[in-house]
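Participant: With the input below, show me the fold.
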Amino acid sequence: MPQKVVVIYSGGMDSFTVLHNAIRAGHDVYALSFNYGQRHVKELVCAQNVCQELGIHHKIVDISAINQLIGGSSLTDDIEVPEGHYAADNMKSTVVPNRNMILLSLAVGYAVSLDAQAVYYGAHSGDHFIYPDCRPEFVQKMNDVCQIANYEPVDIISPYLQQTKIEILKDGLAMGLDYGKTWTCYNGREQACGKCGSCQERLEAFTLNNTLDPLPYEQQ
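Facilitator: Residues are numbered from 1 along each chain as shown. Below is the predicted model of the structure:
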């Protein structure tokens, strides 16, 4: 049944697919993006452009002040972005402490103010090894809390929680989505680096779907 929903939309390929998943389901979508002090805003620019093109509600909220409290991540601090696959322990430096709990809490507050019934976000199984706040037990506990945190219950929905990025991309390609409108690289240079874990996982997903990534890369 169509609902009013909030989609946490970073501008990356996973949340891009989640956004279209919610739209295809017939929901009244309110996209919500956050500037939390990440290394660059290229994803946010992509998010803004996509939402303008689709004509959907979109807010970009600056919460970068939280970096006074949380740090130690190569995504927000002056720490070199690691290279290699997500399965490597060095990728733990990309963890932003408590990020998804913070973003989900804000999104749920926004949902309550809109009388929306659910918040969507793009956790998937490829994130489970490195990111505790993308694991099924986290999503379930957050969903439990968000049923009682306000007078109005809000569902936390991760449609790809048990699927890999390869499967997410397969679904998006079946929807005819243009992933040239997304940005995944942890570095915010003119072209994607092709070396960081995020790029490598993305490139692997395209290779295993027998499709070329439309983004230009410094090297592949």
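
Participant: going forward, measure contacts and count neighbours with C-alpha atoms only.
Facilitator: Will do.

Participant: average pLDDT across the strand or helix carrying Phe138?
Facilitator: In this assignment (DSSP states H and E), Phe138 forms part of helix 136-146. Across helix 136-146, pLDDT averages out at 95.

Participant: In the protein, mark out all the strands, start to finish.
Facilitator: Along the chain, counting by DSSP state E, strands occupy 4-8, 28-35, 57-62, 118-120, 155-157.

Participant: Just put those in CSV and tack on mean neighbour count and distance to Leu215.
Facilitator: Below are the strands of the chain laid out as CSV (neighbours: other Cα atoms under 10 Å; distance: least, Cα to Cα, whole Å):
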stretch, mean neighbour count, distance to Leu215
strand 4-8, 25, 22
strand 28-35, 21, 21
strand 57-62, 15, 24
strand 118-120, 25, 25
strand 155-157, 21, 28
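
Participant: Now distance to Gln200 and mean pLDDT too, for those strands, in JSON lines please.
Facilitator: As requested, those are exported to JSON lines (distance: least, Cα to Cα, whole Å; pLDDT from 0 to 100):
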{"stretch": "strand 4-8", "distance to Gln200": "23", "mean pLDDT": "98"}
{"stretch": "strand 28-35", "distance to Gln200": "24", "mean pLDDT": "96"}
{"stretch": "strand 57-62", "distance to Gln200": "27", "mean pLDDT": "97"}
{"stretch": "strand 118-120", "distance to Gln200": "25", "mean pLDDT": "98"}
{"stretch": "strand 155-157", "distance to Gln200": "26", "mean pLDDT": "97"}
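
Participant: Those into CSV, with extra columns for distance to Phe206?
Facilitator: What follows is those, written out as CSV (distance: least, Cα to Cα, whole Å):
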stretch, distance to Phe206
strand 4-8, 23
strand 28-35, 25
strand 57-62, 28
strand 118-120, 24
strand 155-157, 25
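
Participant: need the longest helix for this protein.
Facilitator: helix 99-114 (DSSP state H).

Participant: Could you export it as CSV, CA atoms only?
Facilitator: Output in CSV follows, covering the C-alpha atoms of helix 99-114 (Å, rounded to 0.1, in the frame of the first residue of the first chain):
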residue,chain,number,x,y,z
ARG,A,99,26.7,7.5,11.9
ASN,A,100,23.6,5.5,10.9
MET,A,101,22.0,5.7,14.4
ILE,A,102,22.4,9.5,14.2
LEU,A,103,21.1,9.8,10.6
LEU,A,104,18.2,7.4,11.3
SER,A,105,17.2,9.3,14.4
LEU,A,106,17.0,12.6,12.5
ALA,A,107,15.2,10.9,9.6
VAL,A,108,12.6,9.4,12.0
GLY,A,109,12.1,12.9,13.6
TYR,A,110,11.5,14.2,10.1
ALA,A,111,9.1,11.4,9.3
VAL,A,112,7.1,12.0,12.4
SER,A,113,6.8,15.7,11.5
LEU,A,114,5.5,14.7,8.0
